[in-house]
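# only the shape, not the letters, is given here:
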């Protein structure tokens, strides 16, 4: 019986750690661990709060999920550059392999490995984009 209790306690400890790790970035909508799903997707309106003073460890990949209107759809013949949100807010550029027929003005969600370029620009590479 004592052994069973110890196993149950160990399982509950592991479960509580998993739940605690669900939101690694509280108060920062859209941020998650690599290939994870955030509890809330960032929008053009709240993106500045998501990245404000955010510093990831240099070895750590952090993914961003953000949704907003397409402001750019362009290609260099190999890669596609899908941009959402507009100045004076934060602009997000998604580097991907296809435009999937998306057009400027459509509302889409982009998600991928985040690199903050400066206070107004975020790069997602690799990235996926999908219509809402």
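Here it is on my side, so go on. As the structure is a computational prediction, the values presented were derived from the model and not from experiment.
# what is the rounded mean pLDDT of the host helix or strand of residue 49?
Using DSSP states H and E, the element containing residue 49 is helix 47-51. Helix 47-51 shows an average pLDDT of 95 in the prediction.
# what count of nearby residues applies to residue 91?
As a burial measure, residue 91 scores 20 neighbours (other C-beta atoms under 10 Å). For the C-beta atoms, the positions are set from N, CA and C on the backbone; glycine is no exception.
# now do the contacts for it.
For residue 91, the contact set (C-beta atoms under 8 Å, 6 or more residues apart in numbering) comprises 71, 83, 84, 85, 120, 121, 122.
# now render those as a markdown table, adding pLDDT, distance to residue 92 and neighbour count.
Formatted as a markdown table, the contacts of residue 91 follow (pLDDT from 0 to 100; distance: C-beta to C-beta, whole Å; neighbours: other C-beta atoms under 10 Å):
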| residue | pLDDT | distance to residue 92 | neighbour count |
| --- | --- | --- | --- |
| 71 | 98 | 9 | 17 |
| 83 | 98 | 7 | 20 |
| 84 | 98 | 5 | 27 |
| 85 | 97 | 6 | 24 |
| 120 | 95 | 10 | 14 |
| 121 | 96 | 8 | 15 |
| 122 | 97 | 5 | 25 |
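# what is the nearest of these to residue 59?
residue 122 (19.1 Å; C-beta to C-beta).
# beta-bridge partners for the closest residue to that closest one other than its chain neighbours, please?
The shortest distance from residue 122 to any non-neighbouring residue, by C-beta to C-beta, 6 or more residues apart in numbering, is to residue 92 (4.8 Å). With DSSP bridges applied, residue 92 shows beta-bridge pairing to residue 84, residue 122.
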